[in-house]
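1. I'll drop the sequence and a predicted model, then ask my questions.
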Amino acid sequence: MTKAEILAKFAAGFEVGDKPYQDNLVVDDINTTDDELRLWAYDANFFPTDFTKWKKQYKRQVVEQVLCSRRVQESNLAIFIDGVQIRKRDLNG
């Protein structure tokens, strides 16, 4: 995929967690590349938050929710949240 295709496909980002306290994962349109999707984490009020400081159980839930999304499953991209790699790109696929 090209960077433009990735930005278009993931433009909506991801809403994760339970309402009304959902967090938002927003595409980093500057650092996303043709084979990497980079996301920034924001809280429900769209203030930046640090994914590395989230509770372990919640991080696991968020990663699972992102990786199970059809958009992600249909793509062969390395995925990062706040610089933390949650999925490697399959070089054979």
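-> Right, received. Where do you want to start?
2. May I have stretch 81-88 as CSV, with CA atoms only?
-> What follows is stretch 81-88 as a C-alpha-only set of coordinates in CSV (Å, rounded to 0.1, in the frame of the first residue of the first chain):
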residue,chain,number,x,y,z
ILE,A,81,1.0,3.1,19.0
ASP,A,82,3.1,6.0,20.5
GLY,A,83,6.2,4.4,19.2
VAL,A,84,5.5,0.9,20.6
GLN,A,85,5.3,-1.8,17.9
ILE,A,86,2.2,-3.9,18.3
ARG,A,87,2.5,-5.8,15.0
LYS,A,88,5.3,-6.7,12.7
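3. and that stretch, which residues are buried?
-> Under the neighbour-count criterion of 16 or more other Cβ atoms under 10 Å, stretch 81-88 has 81-82, 86-87 buried. C-beta here means a position set from N, CA and C on the backbone, and glycine is covered the same way.
4. now stretch 33-42
-> 36-42.
5. Go through the residues you listed and flag which are in strands.
-> 36-42 (DSSP state E).
6. Nearest to residue 22 among those residues?
-> residue 42 (9.9 Å; Cβ to Cβ).
7. Give me the pLDDT value at that closest one.
-> pLDDT for residue 42: 96.
8. Same question for the one 4 residues further on.
-> Predicted confidence (pLDDT) for residue 46: 92.
9. could I get the buried residues of stretch 81-88 as CSV with pLDDT?
-> Formatted as CSV, those follow (pLDDT from 0 to 100):
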residue, pLDDT
81, 98
82, 97
86, 97
87, 97
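10. hmm, who's touching stretch 79-86?
-> By Cβ atoms under 8 Å, 6 or more residues apart in numbering, the residues outside stretch 79-86 that reach it are 25, 36-41, 50-52, 62-63, 66-67, 72, 78, 87.
11. Now do the residue nearest the centre of the chain against residue 92, distance only.
-> By Cα atoms, centre = their mean, the chain has its centre lying nearest to residue 39, at 4.5 Å. Noted for residue 39: a distance of 24 Å to residue 92, by Cβ to Cβ, to the nearest Å.
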